[in-house]
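K.L.:
structure for the following, please:
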Amino acid sequence: MLVLSLALTGCGGKKNKKKHKSGSGSSHSRTIGGATGGSGSGRTSGGSLSGAQDAKAILPPLDAMPTALRTVSTKPYSRAKAPSVCKDPGVRCKGAVANGRAGYRSDDKGESAGYDLIVYRNERAAERAFTAWKSYVENNRHELEVLGGPSRGDASITYGYAAPARKTSQSIVIREGAYIATLDLRDNSGQAYARKDLRALSEVYAERMRQAARDETPTASAADVRV
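P.N.:
Residues are numbered from 1 along each chain as shown. The predicted structure follows:
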């Protein structure tokens, strides 16, 4: 059973490389790495590289994880390109400039947390991708079940799985600015424990996204979550 003692550390120092903002101050024209304008704005290699740096910073490092989830199952990585697998929903890669992933588990493999992050060229592209993602979850009732999870970021949706093999797993999709994150949590102790863990870890993940969106170094940590 988890005893949650969540600590969101303070806002870190300013990142050395800031994302440029348009003079209008419109959230829809905010871009990653210097390209400005609406969803049809040009994409540059600088934008992709900046997005990869953001993904790397947002994904929680090993020392930001609870002590019981410090076995690396997927070594953290980030790439200056869209995800190589674009399905469920397929349009989630449209407008993506970078992505990253990390995964951690307990020593006995009874619990695991998988982190995915996609960086989009601007907020409008991220909004469209999240809308498609939300629609996919809500309409795929044979495989997924929308759950009353916590509200995170600018928008979020939490869901579980119909397949018996995944009954102890829950996931949340979070949009914050031009970022969309997915956190997949599995806890073989049962759904109640998975729900508690997802709530705690998603709070930290969303805060790391928020810090990056404010051009701050992500420092939020779940290291004080005790199992």
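
K.L.:
pretty sure Ala96 is touching Leu117, no?
P.N.:
No. With contact defined as Cβ atoms under 8 Å, Ala96 does not count as touching Leu117 (10.3 Å). All C-beta atoms are positioned from the backbone trio N, CA, C, and that covers glycine.

K.L.:
looking at these two, which is more packed in?
P.N.:
Ranked by neighbour count (other Cβ atoms under 10 Å), Ala96 and Leu117 place Leu117 first, with 28 against 24.

K.L.:
who does that one bridge with?
P.N.:
Taking DSSP bridges as the rule, Leu117 bridges to Gly100, Ala181.

K.L.:
for it, list the residues it contacts.
P.N.:
Residues near Leu117 by Cβ atoms under 8 Å, 6 or more residues apart in numbering: Ala55, Ile58, Leu59, Ser78, Asn99, Gly100, Arg101, Tyr179, Ile180, Ala181, Thr182, Met209.

K.L.:
at 6 Å what do you get?
P.N.:
Counting by Cβ atoms under 6 Å, 6 or more residues apart in numbering, Leu117 makes contact with Ala55, Ile58, Leu59, Gly100, Ala181.

K.L.:
now render those as JSON lines, adding neighbour count, distance to Ile157 and pLDDT.
P.N.:
JSON lines is the format used below for these (neighbours: other Cβ atoms under 10 Å; distance: Cβ to Cβ, whole Å; pLDDT from 0 to 100):
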{"residue": "Ala55", "neighbour count": "27", "distance to Ile157": "21", "pLDDT": "97"}
{"residue": "Ile58", "neighbour count": "26", "distance to Ile157": "19", "pLDDT": "98"}
{"residue": "Leu59", "neighbour count": "22", "distance to Ile157": "20", "pLDDT": "98"}
{"residue": "Gly100", "neighbour count": "24", "distance to Ile157": "21", "pLDDT": "97"}
{"residue": "Ala181", "neighbour count": "26", "distance to Ile157": "12", "pLDDT": "98"}
